[in-house]
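Trainee: for reference, the sequence and a predicted model appear below.
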Amino acid sequence: MSGTRVTRTVTILNSQGLHARPAEMFAKCASRFESCIVVIKEGNRVDAKSILHVLTLAAESGTELVLEADGSDAEDALEALSRLVGSGFALDGNTSQQQSG
């Protein structure tokens, strides 16, 4: 792939870890980018664009993950994914799903 290989380390902050909902958010975010993106936990490398692969990491709160992207939008991809993880997936204490309108 033409582009730059970039890595970044993130820590899962939300109290329930990388369960189904945040894994889906993570995979959807990763899928917006053309770069090849992998998530690495303790040597286990998985496709960041696959919710099932992300779930296999069983990343609990406090787990450190390495994100690696290779491609033309690698920097942007890891910035977006790092922000998502850093926000705790906006799940803890967030009830924004129930909006009146």
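Mentor: Everything's here; your move. Numbers count the residues shown, from 1 in each chain.

Trainee: this protein: helices as residue ranges?
Mentor: Counting by DSSP state H, the chain has helices at residues 20-31, 51-55, 74-86.

Trainee: mind pulling up the pLDDT for the nearest residue to T11 once chain neighbours are set aside?
Mentor: Spatial nearest neighbour of T11, excluding adjacent residues (C-beta to C-beta, 6 or more residues apart in numbering): E64 at 5.3 Å. For the C-beta atoms, the positions are set from N, CA and C on the backbone; glycine is no exception. The model reports E64 with a pLDDT of 97.

Trainee: identify the residues contacting E64.
Mentor: 9-12, 41 (C-beta atoms under 8 Å, 6 or more residues apart in numbering).

Trainee: how much space between T7 and E79?
Mentor: Remark: distance between T7 and E79 (C-beta to C-beta, to the nearest Å) = 13 Å.

Trainee: how close does the residue nearest to the spatial centre of the chain sit to R8?
Mentor: The centroid of the chain falls nearest to F26 when counting by C-alpha atoms, centre = their mean (4.0 Å). Taking C-beta to C-beta as the measure, F26 falls 14 Å from R8.

Trainee: which residues are in contact with each of the two?
Mentor: With C-beta under 8 Å, 6+ apart, F26 and R8 have common neighbours L81.

Trainee: can you give me the pLDDT of T4?
Mentor: Taking T4 on its own, its pLDDT is 82.

Trainee: use 45 as the first number from now on
Mentor: Renumbered: residue one is now 45, and that last one reads T48.

Trainee: give me every residue that touches it.
Mentor: Contact partners of T48, counting by C-beta under 8 Å, 6+ apart, are 114-116, 118-119.

Trainee: mind checking how far the closest residue to D91 other than its chain neighbours is from E68?
Mentor: Take D91 and drop its neighbours on the chain: the residue closest to it by C-beta to C-beta, 6+ apart is H97, 4.7 Å away. Note on H97: its distance to E68, by C-beta to C-beta, is 12 Å.

Trainee: which one of the two is surrounded by more residues?
Mentor: With neighbours defined as other C-beta atoms under 10 Å, H97 and E68 compare such that H97 has more, 17 against 14.
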